[in-house]
Every structure is written in C-alpha cells, then in structure tokens.
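1. I need the structure of the sequence given here:
(2 chains)
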Amino acid sequence: MTIRNLMKKTLETLISKALTTLQANGILDNTLNPTIHVERTRDSSHGDFATNIALVLAKSAKTNPRQLAQQLIEAMPANDIVSKIELAGAGFINFFIDANAQYQIISTIHQQGNQFGLSQIGSGKKVQVEFVSANPTGPLHVGHGRGAAYGSAVANLLVATGFDVHKEYYVNDAGRQMDILATSVWLRYLEACGETLVFPCNAYRGAYVRDLAQNLVSNQGKNFVHLHDIVFANLPLDETDGGDKEIYIDSLIARAKQLLGAEGYRTVFDVGLTAILEDIKEDLAEFGVTYHQWFSERSLMDDGSIENALAVLRENNHLYEKDGAIWFKSSELGDEKDRVVIRDNGHYTYFASDIAYHWNKLERGFDVLIDIWGADHHGYIARVKAALTALGADENKLHVLLVQFATLWRGEEKVQMSTRSGDFVTLRELRSEVGRDAARFFYVMRRSEQHMDFDLELATSKSNENPVFYVQYAHARVCSVFRQLPEKGYIHNVELGMANLPELSAEHESVLLTTLARYPEVIERAATQYEPHLLINYLRELATDFHTYYNAHQFLVESATLRNARLNLISSVQQVLVNGLILLGISAPEAM
RNA sequence: GCGCUUGUAGCUCAACUGGAUAGAGCACCAGCCUUCUAAGCUGGGGGUCGCAGGUUCGAGUCCUGCCAAGCGUACCA
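-> Numbers count the residues shown, from 1 in each chain, chains lettered A, B, ... in the order given. All right, here's what the predicted structure looks like:
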C-alpha cells in the first residue's frame, strides 16, 4: 500500500469514527451510510486534504453544514499524521498533515523503486484493449499514430493498476477494401510488365502499391499477365468517363478473380496483405507499441464465427430479410436505423464480422472491452452496442474511446495532408522527423477526444518550451548531479539522508514532497479514466517543481546531512520521472 | 434535418467528475542575468468558462433550449 493510500485511509477512518459517534449521540440518523470523500486541496492554506462530508450530510441531518462540521471535528479521534484539523469555508473540514509524515514519501519511493505508483485496484480484472486496427491497405499515417500512442499508454496504465490486459489489433484481412488493394496491386503489376492502362480513380494510388507490384514481378514473373484488351473488355465506365467509380472498381475486382482464378487471386491478395502487415508491425514495434494478438477478420469467416453469431441473433429474433438482404434490428436497441449484415449479393458486411468479433471477445471471458477508434467512426458505437445486447451480453462492458485526428503544424504553417492520391504523412515520416519520444509525448499530451495541434518544430526544439525536452531534461539534470558527486569527492549516503529528512524545510522542498506523493493518485485516475494526458500534465508539473528547486538551491552543499537529504529527494524525483515516462513509452535519457 | 464530439486568457490546452479565489505553457510587460549544477532567472497584467434559463448550500462541470465548429448519417471498411 502506498503512503498516500495510508494517509487517505487514515483520514477516512477518522471521519468514519466521528460519524459513528454523532450517530450514537443521536445527532445523525443511524441509517445514514454516506461515502466519505477525501480529496487533496488546491490551495495549501486549506491544508493537505479536505472533505465535504458536512456539506453533503447537512440537509438530511437538518442542520447547517458549518455546525455539523464543527461537531464532526470535535468527535474526531487524535492521530499521529494529522497536525491540525480546521473548519473552513461553507463547511469544509481541512486536514493538515504532520511534517514528519510528509517526509515518509521519500523512503517509500526509495524502497519501492520502479514499483512506486503501482496498485492493485484492477484486482486482476480481464481487460481487452483493441487499438489502431487500421486496414492493411497501406502504411499507417499520423492519424493512426495517435491511436497507437494513446492505446498503448492506456494499456500500460491498466497494467500498472492491476488489470490483466490483453492488447489486440484487429486485422481487416477480408472485405472489399482489401479486394481493391489486391486489384490495385495487380494493375500496377500489369503496368510493370509492360501493359499500358488507365488506373481506376477508386484504386489505391500510393507509391507503395508499385513496390508491392514489383515484389509480385520478382516472385511470380509473368504468371499473372493478361492482355489489356481482355482485362478491360466490357467494363462499365469509370467516374472520369461519367460512370460510377464504385461499380467500376467492383467489376474490375470480379474481373481479376475471374482471370486469375481463386488461387492466383489469393496469391496476389496475400502479397499485398503480408507485406503491408509486416510493415505495420515493424512500424508499431519501432514506435514501442506491441500486441498480444493480431486477430484476423478472415479467420472469423473461415471458422464459421460469423455464421454462429448471426445464428444467435436469428434465434433471438433480431434479424429479418428485406430487399434481398439480411438486416439486424438495431433500431430496437438504441441505434438510429436497422443495419444490413448480409448484402443482397450474399456477402457479409463489415458489421457482420464485427458482431462476430465482439461475440468472440466476450466468449474469451473479458470483463471489460475497450475499443479505441478514430472519432470519425463514432456513428458506429450504437450499432455495436446494440449487437452486444442482442447477443445477450451487457453493453456496458464495452467502452469505446474516440481519438480525434491531429493537425500537423511546422511553426506557423499547417502541413497539408490529403488521403486522396495517397499523399498523406505516414507515421514513419513523423517518427523520423521528430523521433519516437516526442511523437508519443505530443500525441498523448491532450485529452484524446480533443482535436489537437501537433507542432513539429516545437517537438524537435531543444528548449524549455518543448515539454518533452523539459521533462526529460529534469531527469537528465538529476543524473548530471549524481555524476558530479564523485568529482567533488562525495558519495551518496542514503541512510544519512533519510535520518535527516527534516532538514528539507525549504518551501521548494515541501512543494516537491507533495507533488511526489500525488503520483500514485495520478496513475490511478489516469488509468481508471483512460486519460493518459493526466500523467503527462503531472510529469510537466513535477519537472517544473524540480527545475525551480534546482534554480533556487544548491544540492551539493557542504553539510553532509542536508546534502544527502537533498540527494534522496532528487533521486526520488528521478525515480518518479522514470516510472511515469516508462508508462508512456518515452525514454528517460541520462544526459542530453 | 437528425446523431455524436467540441466550445475555458490573444494562441495551445488543464481543471482531482458538483466544491473554496478557474490554472499552466507560449505571446505580452517589468526587473535581474561578470560567478554558479549549459539549454536563463524572478515577478506582473490578462477571464461574462459560446449564449440564455433551470436544478441546490455551491455549477466550467448536471438538465433544457438556442449559437458556432468538426465528424457521422452506405447493402464501404
């Protein structure tokens, strides 16, 4: 148990005892069983912790809050860690923690080391976190990067708070988009083999498609070449010629399947799929993002999962047929309208496999499902929740977290991004420009649902204005101090420092002690709220407190007792910075 | 039209989920900065929390109605 929990628990016990006393005296109703809420104060003149219990209970106790607070204070037993209890404001009870108790945080951090801040509030609950899950139709772009940084930070936080976390990437290796990719590769392959053709406007136009086609040439030679006139015979018009681009690309897909045969088509398809998937895996790994499982959508088709899931829906009377398609009655379960699960051409929709996928997740026994999606998919939430309900599950098990896209800036200038013509900024490009640490930091710096501006210039600048730099530099600065120790002929005597912690009486020092003690609370909150930006904010605060302390005081002073006490304090800062940065996937350099 | 999200200082964003005087960083202003543990330091001004109602001891936070922006509103994924 952390020192913070000890303190908070102690205070809660005191309040609880006071309440019992008042109940015994008939001042409060015996049936009352309020949840006691103790929180940190914002203003140090209000002490260290405060409770609003008197304000909450005043009405039912038919008394005014200040009077009730006063009675509670009088009924409160004495305790070592509390130096003073005050009635304040409208009826707050403020607790002042004894100075000696404040110092304990330093020995706690030294004892617990990289375990400091971890907790068991998750109590082993099984949580599945599914994130990124971008279609393997091309490289990851900067939008996916934010989902990756956010998802992996959330997962790390959940692990740190005692959840049993399973990270997963859903691979859309089936479906129409992948067919379009396969067809795009094949057409580029035909070009590479000397055919001249007009590339469909709805096909994937990125340069990487040519590379994939080149692979196909090297592996397969001219096995898949068909004459232009045969390939394009009797096709509807493309959009540029006044036709429909969707119909056109679909007929080209059909043509590819027909000319290549099932086996040949699968070969072309898999060349694209495996290469792109490998690229995505490598990209994410270099970004510090790893998974327990890459879950194949195709496997859901192959093993009958989709059929099974739909069978359950059919049994429960949630499906019907209309216009040659099979519909799911999601409108009865909170969705705007019903949704097609089997198209009139007999193919499953993406939604059908997603129903099966979520069914599969539930079958695997997860207590909580977290889906992290781009905000543009928000309209999808209602139907997936409807599906869970229809499958007989509790829709509240599913938490969909939305990530807004980031706008890239280079100083004052907005970086243009367009997904048309494949001219987007990839995650790889971003990483090579600003580096992994800055990318991860900036991505998670804002609340995920907040649109964010990502300033590439700021992210790479070596100045205090760059928050990544500022936090990492605080860590490096501590390291630098410890490097200078031997140069000055000192050694770090931890025991001597611990014995003299009360010498840390400067204002900057007590501020740091409080900030350090807050770390476990921040982790807990960031984890349970899925808000890693709270951790970033905290680390920036800790860094600020440290830098101002550094500017105000010498650490390597003559006095051995004060010197070692200060060294213990700053090595605690170092430890907490490391612990926090690790959770965010950001390095803590020893020198900068 | 309907739905989701967002709206807080000139700019980018916080605010312990209903608490006390709404906070940071840029930018701006004023001092300091021959020495120090390189990436300056210290202080200051700046707010109708989109608007209007409501709920209660108490609202940036909750409810209602407007206004604005982004996204969505496929038998695409």
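
2. who's in contact with the residue nearest to A:Arg447 when sequence neighbours are not counted?
-> In space, and not counting its chain neighbours, A:Arg447 is closest to A:His533: 5.3 Å by Cβ to Cβ, 6 or more residues apart in numbering. Backbone N, C-alpha and C define where each C-beta goes, glycine included. By Cβ atoms under 8 Å, 6 or more residues apart in numbering, the contact list for A:His533 reads A:444-448, A:526.

3. what strand or helix carries A:Leu87?
-> Counting by DSSP states H and E, the element that carries A:Leu87 is strand A:82-88.

4. could you see whether RNA strand B lies near that strand?
-> Yes: using Cβ under 7 Å from any atom of the strand, strand A:82-88 reaches RNA strand B at A:Ala88.

5. buried set for that strand?
-> Judged by neighbour count using 16 or more other Cβ atoms under 10 Å, the buried positions of strand A:82-88 are A:82-83, A:85-87.

6. next up, phi/psi of A:Val38, please.
-> phi -110, psi 130 (degrees, to the nearest 10).

7. contacts only, for it.
-> A:8, A:11-12, A:15, A:49-51, A:95.

8. Serialize these to CSV and add fields for secondary structure and neighbour count.
-> Below are these laid out as CSV (DSSP: H, G, I helix; E, B strand; the rest coil; neighbours: other Cβ atoms under 10 Å):
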residue, secondary structure, neighbour count
A:Lys8, helix, 18
A:Leu11, helix, 24
A:Glu12, helix, 17
A:Ile15, helix, 23
A:Phe49, strand, 21
A:Ala50, strand, 22
A:Thr51, strand, 22
A:Phe95, strand, 26
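
9. ok, and which of those residues reach RNA strand B?
-> A:Ala50.

10. of the contacts of A:Val38, which is the nearest to RNA strand B?
-> Here the nearest of the contacts of A:Val38 to RNA strand B, counting by Cβ to the nearest atom of the strand, is A:Ala50; it sits at 3.0 Å.

11. so what's the closest one bridging to?
-> A:Glu39, A:Asn94 (DSSP bridges).

12. any idea how far A:Leu87 is from it?
-> Using Cβ to Cβ, to the nearest Å, A:Ala50 is found at 11 Å from A:Leu87.

13. shared neighbours of those two, which are they?
-> Counting by Cβ under 8 Å, 6+ apart, the residues touching both A:Ala50 and A:Leu87 are A:93-94.

14. around RNA strand B, pick out the residues from the stretch 301-450 of chain A.
-> Counting by Cβ under 7 Å from any atom of the strand, the stretch 301-450 of chain A comes close to RNA strand B at A:322-325, A:336-337, A:339-340, A:343-345, A:347, A:349-351, A:375-380, A:382, A:402, A:404, A:445-447, A:449-450.

15. same thing with the stretch 451-592 of chain A?
-> Counting by Cβ under 7 Å from any atom of the strand, the positions of the stretch 451-592 of chain A adjacent to RNA strand B are A:451-453, A:462-465, A:469, A:473, A:477, A:480-481, A:484, A:525, A:529, A:531, A:533-534, A:537, A:540, A:544, A:547-548, A:550-557, A:592.

16. neighbours around the residue in chain A positioned nearest to RNA strand B, how many?
-> Nearest residue of chain A to RNA strand B: A:Gly379, at 2.5 Å (Cβ to the nearest atom of the strand). Close neighbours of A:Gly379, defined as other Cβ atoms under 10 Å, add up to 9.

17. secondary structure class for it?
-> Secondary structure state of A:Gly379, per DSSP: H, G, I helix; E, B strand; the rest coil, is helix.

18. OK, contacts around it?
-> Counting by Cβ under 8 Å, 6+ apart, A:Gly379 has no contacts.

19. related to what we said a few turns ago, return the item of the contacts of A:Val38 having minimum pLDDT.
-> Across the contacts of A:Val38, the smallest pLDDT goes to A:Lys8, namely 83.

20. if we can go back for a sec, mind checking which of the residues of the stretch 451-592 of chain A next to RNA strand B are buried?
-> The buried subset of those (16+ other Cβ under 10 Å) comprises A:452, A:469, A:473, A:477, A:481, A:525, A:531, A:533-534, A:540, A:544, A:547, A:550, A:555.

21. got those residues as a markdown table, with secondary structure and pLDDT columns?
-> As requested, these are exported to a markdown table (DSSP: H, G, I helix; E, B strand; the rest coil; pLDDT from 0 to 100):
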| residue | secondary structure | pLDDT |
| --- | --- | --- |
| A:Met452 | strand | 85 |
| A:Phe469 | helix | 91 |
| A:Tyr473 | helix | 92 |
| A:Arg477 | helix | 93 |
| A:Val481 | helix | 92 |
| A:Arg525 | helix | 92 |
| A:Glu531 | coil | 95 |
| A:His533 | helix | 95 |
| A:Leu534 | helix | 94 |
| A:Arg540 | helix | 93 |
| A:Thr544 | helix | 93 |
| A:His547 | helix | 93 |
| A:Tyr550 | helix | 92 |
| A:Phe555 | coil | 92 |
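
22. picking up where we left off before, out of the residues of the stretch 301-450 of chain A next to RNA strand B, which are buried?
-> A:339-340, A:349-351, A:380, A:382, A:402, A:404, A:445-446.

23. of the residues you listed, which is the nearest to A:Phe163?
-> A:Leu402 (20.8 Å; Cβ to Cβ).

24. confirm that closest one sits in a helix?
-> No: secondary structure of A:Leu402 (three-state DSSP): strand, not part of a helix.

25. surely it and A:His378 touch.
-> Yes: between A:Leu402 and A:His378 a contact is recorded at 5.7 Å, counting by Cβ atoms under 8 Å.

26. separation between A:Gly47 and A:Val511?
-> 15 Å.

27. quick one: the strands in the stretch 351-500 of chain A?
-> A:368-374, A:398-403, A:406-410, A:413-414, A:452-455 (DSSP state E, counting those that start in this stretch).

28. and A:Asp164, which of those is closest to it?
-> strand A:368-374 (10.1 Å).

29. helices or strands up against the closest one?
-> On a contact count with 3 or more Cβ pairs under 8 Å, 6 or more residues apart in numbering; DSSP states H and E, strand A:368-374 meets strand A:126-130, helix A:142-160, helix A:350-363, strand A:398-403.

30. hey, least reliable of the strands of the stretch 351-500 of chain A by pLDDT?
-> strand A:413-414 (a mean of 80).

31. what strands flank it, and is each parallel or antiparallel?
-> strand A:406-410 (antiparallel).

32. which bits of the stretch 1-150 of chain A sit near RNA strand B?
-> A:37, A:39-43, A:45-47, A:50, A:52, A:55-56, A:58-59, A:65, A:88-92, A:94, A:135.

33. looking at the buried ones among the residues of the stretch 451-592 of chain A next to RNA strand B, which is nearest A:Leu118?
-> The nearest member of these to A:Leu118, counting by Cβ to Cβ, is A:Arg525 at 14.3 Å.

34. can you count the residues close to A:Asp303?
-> Burial measure for A:Asp303: 13 neighbouring residues, criterion other Cβ under 10 Å.

35. can you check which of the strands of the stretch 351-500 of chain A gets nearest to A:Met301?
-> Closest among these, using Cβ to Cβ: strand A:368-374, at 20.5 Å.

36. sheet partners, orientation included, of that closest one?
-> Using DSSP bridges, strand A:368-374 pairs in its sheet with strand A:126-130 (parallel), strand A:398-403 (parallel).
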